[in-house]
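>>> Here is the input, now give the coordinates:
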Amino acid sequence: MTATTSSHVMTTRYATRLENGKLRCDVCPRGCTLREGQRGLCFVRSNLGGRIVLTTYGRSSGFCVDPIEKKPLNHFHPGTPILSFGTAGCNLTCRFCQNWDISKSRATATLAENASPEDIARTAARAGCKSVAYTYNDPIVFLEYAMDTADACREQGIKSVAVTAGYVHGEARRDFFSRMDAANVDLKAFTERFYKKLCSGHLQPVLETLMYLKQETHVWLELTTLLIPGENDAEKELEEMTQWVVEHLGPDVPWHFSAFHPDWKMTDRRATSPSTLSRARAIATKNGVRYAYTGNVHDETGGSTYCHACGTRLIGRDWYEITLWRLTKEGRCPACGAPCAGRFDAAPGTWGARRRPIRMG
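Next up, the predicted model:
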């Protein structure tokens, strides 16, 4: 990785020098062109001294040990603890952001924790975590910090998980995901209108990220769609979106349909009803998605894992608690022998629903 100029500023190589003296940031499709001293839309990348720098390297908004299911990942070492952290800033402007206090904050407002990649890896090991999650805000905007941390974690035998909107450019995409073991990607909607109106972004780069992950990497992939009443929950859109996923990503990618609650700049909307989530899950299942889930609601049926071949309940879940485990040691259904897609251990972890904040040092 490139050298830092201070403990919190790192020069990035994902940049292009333009003829007008400006620099273009090449981390994400937004391609911000920056004059000296100017910050990108994400706020954490800046043209400083004739180079694009990340200004939040080594600083975090906080650390917490969570259940892996909270990311959400249901097929990646269920029941195990994961050390979660984020920084500040985001490269999308989602009006419905559920973590807006972090992703929309200015860098110095929330970054209270200092931690090197090696500190994070050691802390995760001491806490008994099987993995580290780059989350809360999108890790794409702090990808150098995330990649260095992933390298340090790998040396400790700890896996890395990206929780991301997938809004990332080609070279940065390859470098970033080469360090990841699993990813949960937000497929926010299936219309350009939604991405442009509510996120100031575009749909196609996200679809490209999803196809890249599934077709060109070994990263374990799960999807999340936050269903917002009147915006992305129409039956036609859900039909088209689920059909696209099965055709381009295959039937084995787990999909979490989560409930929206009024927040940030969309407090005028009602919360998503449980029936809307169940309807989305049913549409996905009808169209061939083998592992469709409801999220952010209490729904043991919608939160459990079933054999795609015979319907046997394989993993029971009550919120983040595993209540039933019937997978064989080989990750198969005990009734019919069909494999369950995922990265499973011989037995589930026992972390449960606990959430434990961690202080560095």
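>>> Tell me the spacing between H256 and D151.
Distance of H256 to D151, computed by C-beta to C-beta, to the nearest Å: 28 Å. The way it works is simple: take the backbone N, C-alpha and C, and place the C-beta from them, glycine included.
>>> Between the two, tell me which one has more neighbours.
The neighbour comparison of H256 against D151 (other C-beta atoms under 10 Å) goes to H256, with 26 against 15.
>>> Go through the strand or helix carrying the more buried one and flag the buried ones.
Using DSSP states H and E, H256 maps to strand 255-259. For strand 255-259, the neighbour count (16 or more other C-beta atoms under 10 Å) marks 255-259 as buried.
>>> what's the answer for stretch 217-237, then?
Result for stretch 217-237 [16+ other C-beta under 10 Å]: buried residues 219-228, 231-233, 237.
>>> Which helix or strand lies directly C-terminal to the longest strand seen in the chain?
When the chain is parsed with DSSP state E, its longest strand is strand 220-227. Next along the chain after strand 220-227, taking DSSP H and E as the criterion, comes helix 235-249.
>>> list the helices and strands that following helix packs on?
helix 204-216, strand 220-227, helix 274-286 (3 or more C-beta pairs under 8 Å, 6 or more residues apart in numbering; DSSP states H and E).
>>> picking that back up, next, the angle from the longest strand of the chain to helix 204-216.
150 degrees (axes from the mean of the first three to the mean of the last three C-alpha atoms, to 10 degrees).
>>> if you average pLDDT over strand 220-227, what comes out?
The pLDDT scores in strand 220-227 average 98.
>>> And stretch 327-344, by the same measure?
pLDDT averaged over stretch 327-344 gives 98.
>>> residue contacts, A259?
Residues counted as contacts of A259 (C-beta atoms under 8 Å, 6 or more residues apart in numbering) are 226-227, 271-272, 274, 276-277, 294-297.
>>> do that again at 7 Å, thanks
Contacts here follow C-beta atoms under 7 Å, 6 or more residues apart in numbering; on that basis A259 touches 227, 271-272, 277, 295-297.
>>> same question, E235
I283 are the contacts of E235 under C-beta under 7 Å, 6+ apart.
>>> And it, how far from M241?
Distance from E235 to M241, by C-beta to C-beta: 11 Å.
>>> just the helices in the protein please.
For the chain, the helices defined by DSSP state H occupy 100-103, 107-110, 117-126, 143-155, 170-177, 192-199, 204-216, 235-249, 274-286, 300-303.
>>> Mean neighbour count, those: which tops it?
Ranked by mean neighbour count, the helices of the chain are led by helix 143-155 with a mean of 22 (mean count of other C-beta atoms under 10 Å).
>>> okay, the angle between that helix and helix 117-126?
Relative orientation of helix 143-155 versus helix 117-126 (the same axes, to 10 degrees): 40 degrees.
>>> next one: the strand holding H256 to chain centre, how far?
Distance of strand 255-259 from the chain centroid (C-alpha atoms, centre = their mean, to the nearest Å) equals 13 Å.
>>> C-alpha coordinates for that strand, CSV please?
What follows is strand 255-259, C-alpha atoms only, in CSV (Å, rounded to 0.1, in the frame of the first residue of the first chain):
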residue,chain,number,x,y,z
TRP,A,255,-31.3,-12.5,-0.1
HIS,A,256,-32.5,-10.4,2.9
PHE,A,257,-35.6,-8.2,2.4
SER,A,258,-35.4,-5.7,5.2
ALA,A,259,-37.9,-3.3,6.7
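>>> Where does the prediction get shaky in this protein?
Applying pLDDT under 70 to the chain flags residues 1-7, 99-112, 361.
>>> Would you map out the domains in it?
Domain assignment for the chain by automatic domain parsing gives 10-54, 59-358.
>>> Pull the contacting residues for the closest residue to L18 other than its chain neighbours.
Nearest residue to L18 in three dimensions, chain neighbours excluded: R24, at 5.8 Å (C-beta to C-beta, 6 or more residues apart in numbering). By C-beta under 7 Å, 6+ apart, the contact list for R24 reads 15-16, 18, 31, 33.
>>> still on that earlier bit, could I get the helices of the chain as JSON lines with distance to Q38?
Putting the helices of the chain into JSON lines (distance: least, C-beta to C-beta, whole Å) gives the following:
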{"stretch": "helix 100-103", "distance to Q38": "20"}
{"stretch": "helix 107-110", "distance to Q38": "15"}
{"stretch": "helix 117-126", "distance to Q38": "28"}
{"stretch": "helix 143-155", "distance to Q38": "19"}
{"stretch": "helix 170-177", "distance to Q38": "20"}
{"stretch": "helix 192-199", "distance to Q38": "22"}
{"stretch": "helix 204-216", "distance to Q38": "23"}
{"stretch": "helix 235-249", "distance to Q38": "37"}
{"stretch": "helix 274-286", "distance to Q38": "41"}
{"stretch": "helix 300-303", "distance to Q38": "45"}
